[in-house]
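# Provided below for reference: sequence and predicted model.
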Amino acid sequence: PQKILFVIDCLARGGTELQLTGLIDRLDRRAFTPYLCTIRKSDPSLTPKNCHHLAWNVPRLLSPGGMSKVWQLARFLKREKFTVVQTFFQDATVFGGVAARLAGTPMRLASFRDMGFWRTRNQELMLRRIYPMMTGFLANAEVVRDHFVKTDGIDSEKIAVIYNGIELDDLPWVEQEGPTLNIGIVGNLNRPVKRTDLFLRAAGIVARKHPEITWHVLGDGHLRQELENLARDEGLGERTIFTGNIQGVAEYLAKLQVGVLCSDSEGFSNALLEYMLRGCATVATRVGGNPEAITDGQSGLLVNPDNVEELAEAMMKLVDDVPLRRDLAARARQTACSRFGWDKCVAAHEALYSGVHKN
């Protein structure tokens, strides 16, 4: 079997981390032997089973200790004859990319999972020094690929697009026949870019006409208190549920008739796929890979980012027109099942990794 090393800063319950661990779990062990290298402290309960884990502590890359670890990893890669190294996030891409280049690993892949909204000028300069060391790249949406072609001058033919995978059986269809009484949003409450504040402000507008609706905020983070205060200011205090971090997101989504994704920036959203499979009609901002997942007016509603009135109008539409809401939800389920199952995601990765022998 080919040895593949996946390098990531740490494991957490974020979208990228869940996609990585999901991929590792599903790789065909007859053809691939996965290794995982983390360079920051991680929750050991999140480590995939049947996977070699290199739990390395590299607090500072640009230090004598950091460089020593790079050389140590390079020697390991060369000695064990790895054929593929794939990296996720900035520090892991610098660390793993340099080590793989020093080792002469045949396939060196960096992953693009968002639109780089977090990058500073110095981070851009560092990554642009690393990218020429990579033999290829992976993006989780066409718009993500196009962004890095434009901003970083990467050859588009070197960037493969593989959409996120999702376990279809874990998200069975829920037929929502009655009125729209529950509308929610899924996302961490640490990043302002997720715009939970916009969701609550739009909810305040809808609630003036429909005070019977309960609003659900699934997730947690340091912005929670601020958002709870905003909910009260919008008159939603008694009608808004902040769930905090919950394990059974899929089960909770069975309560919702509408799921909202109103981020200012996205790569390709796992939450959006969960809405689509679970029977929630979706309202999403026209950013990132959202328009590649849903078609406006056919499998969901798309709105412009940072537009509270437009977001409120779209939600109101799904409250007032239950047949439309149900039709959009049904079409979304069909789309998700046909395009985004784990089988397609894993098969695309395995085909890419197998191509190392052809290069």
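Here it is on my side, so go on. This is a predicted model, so every value here is computed, not measured. Numbering: from 1, shown residues only.

# where does pLDDT dip in the stretch 251-359 of the chain?
357-359 (pLDDT under 70).

# how near is residue 8 to residue 93?
With distances taken as C-beta to C-beta, to the nearest Å, residue 8 is found 9 Å from residue 93. Where you see a C-beta, it was placed from the backbone N, CA and C, and this is true even at glycine.

# identify the contacts common to the two.
The contact sets of residue 8 and residue 93 overlap at residue 87 (C-beta atoms under 8 Å, 6 or more residues apart in numbering).

# where do the strands sit along the stretch 1-150 of the chain?
Applying DSSP state E, counting those that start in this stretch to the stretch 1-150 of the chain gives strands spanning 2-8, 32-38, 52-55, 84-88, 107-112, 136-139.

# so of those strands, which one's packed in deepest?
Mean neighbour count (mean count of other C-beta atoms under 10 Å) peaks for strand 84-88 among those, with a mean of 26.

# and it, average pLDDT?
On average, the pLDDT along strand 84-88 is 98.

# packing partners for it?
Contacts defined by 3 or more C-beta pairs under 8 Å, 6 or more residues apart in numbering; DSSP states H and E place strand 84-88 against strand 2-8, helix 90-103, strand 107-112.

# those: which one's closest to residue 230?
Ranking these by proximity to residue 230 (C-beta to C-beta) places helix 90-103 first, at 31.2 Å.

# packing partners for that closest one?
strand 2-8, helix 64-79, strand 84-88, strand 107-112, helix 121-130.

# hmm, back to that, let's have the helices and strands packed on strand 84-88 in a markdown table, adding distance to residue 355.
Listed next are the helices and strands packed on strand 84-88 as a markdown table, based on distance: least, C-beta to C-beta, whole Å:
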| stretch | distance to residue 355 |
| --- | --- |
| strand 2-8 | 11 |
| helix 90-103 | 17 |
| strand 107-112 | 8 |
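
# can you pull out the helices in the stretch 151-300 of the chain?
In the stretch 151-300 of the chain, the helices defined using DSSP state H, counting those that start in this stretch lie at 196-209, 224-233, 249-253, 270-278, 290-293.

# tilt between the longest one and helix 224-233?
Our comparison of helix 196-209 with helix 224-233, counting by axes from the mean of the first three to the mean of the last three C-alpha atoms, to 10 degrees, yields an angle of 20 degrees.

# chain center to stretch 131-146, what's the gap?
Distance, stretch centre to chain centre, for stretch 131-146: 15 Å (C-alpha atoms, centre = their mean, to the nearest Å).

# ends of it, how far apart?
16 Å (C-alpha to C-alpha, to the nearest Å).

# cool, stretch 175-189 as well?
Span of stretch 175-189 from end to end, C-alpha to C-alpha: 29 Å.

# ok, stretch 49-67 next?
Taking C-alpha to C-alpha as the criterion, the two ends of stretch 49-67 lie 30 Å apart.

# how close does residue 144 sit to residue 58?
Distance of residue 144 to residue 58, given as C-beta to C-beta: 27 Å.

# and the closest residue to residue 352 other than its chain neighbours, what does it touch?
In space, residue 352 comes closest to residue 160 once its chain neighbours are excluded; the distance is 5.9 Å by C-beta to C-beta, 6 or more residues apart in numbering. Residue 160 sits next to 136, 137, 138, 139, 348, 352 when contact means C-beta under 8 Å, 6+ apart.
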